[in-house]
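Peer 1: sequence first, then the predicted structure, then my questions.
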Amino acid sequence: MKKFMALLAAGVLVVLVAVGLSNNQTVAAVAAKQINVVIEYGNGQPSRTVAASVTPGQTVLGLLQTVATVETHPVDQFVFVTAIDGVQGKRGEMAWYYTVDGAKADTLAVAKILDEQTGQIIWSYQKDICSCTVDTK
């Protein structure tokens, strides 16, 4: 009987360890999700693409900050990206905008949480169409 109980306990332990490893592998697979971050600097400067690892709950801005040097400017409840890798926006002239899988942003990068379907984020330096309507400071 003791031998049977020892074998049963060992079997249960093996199952628990296997289930635990399986769950850890699942968590690692989710944590290792890769998204391509493309930065289009404009003005004839070559763009840069980085495959970045995403963590659950990470925002578009948070992911950008893992692959580039980023400057931001808060205005009330808003946070705007003003420079990426030293390329500075010029109020009323040029600014940084992003798309997610080809769709224009409908949320500021600081609030846009990435999901598991996201495959690519493109940041592009282009004509400023926003700051004159938001930031009067």
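Peer 2: That came through, no problem.

Peer 1: what about Asp76, neighbour count?
Peer 2: Residues within reach of Asp76, counting by other C-beta atoms under 10 Å, total 8. C-beta coordinates here come from the backbone N, C-alpha and C atoms, glycine included.

Peer 1: and it, what's its pLDDT?
Peer 2: You'll see Asp76 listed with a pLDDT of 88.

Peer 1: look up how far Leu108 lies from it.
Peer 2: 11 Å (C-beta to C-beta, to the nearest Å).

Peer 1: same question, Asp128
Peer 2: Counting by C-beta to C-beta, the gap from Asp128 to Leu108 is 15 Å.

Peer 1: low-confidence stretches in the chain?
Peer 2: 1-32, 131-137 (pLDDT under 70).

Peer 1: hang on, Asp85 packs against Thr69?
Peer 2: Yes. Look at Asp85 against Thr69 with C-beta atoms under 8 Å: they come within range, at 5.4 Å.

Peer 1: so which of these two has more stuff around it?
Peer 2: Ranked by neighbour count (other C-beta under 10 Å), Asp85 and Thr69 place Asp85 first, with 14 against 11.

Peer 1: three-state assignment of Leu64?
Peer 2: With DSSP: H, G, I helix; E, B strand; the rest coil as the basis, Leu64 sits in helix.

Peer 1: for the closest residue to it other than its chain neighbours, give the beta-bridge partners.
Peer 2: Among residues not flanking Leu64 along the chain, Val70 sits closest, at 5.7 Å (C-beta to C-beta, 6 or more residues apart in numbering). Beta-bridge pairing of Val70 under DSSP bridges involves Ile84.
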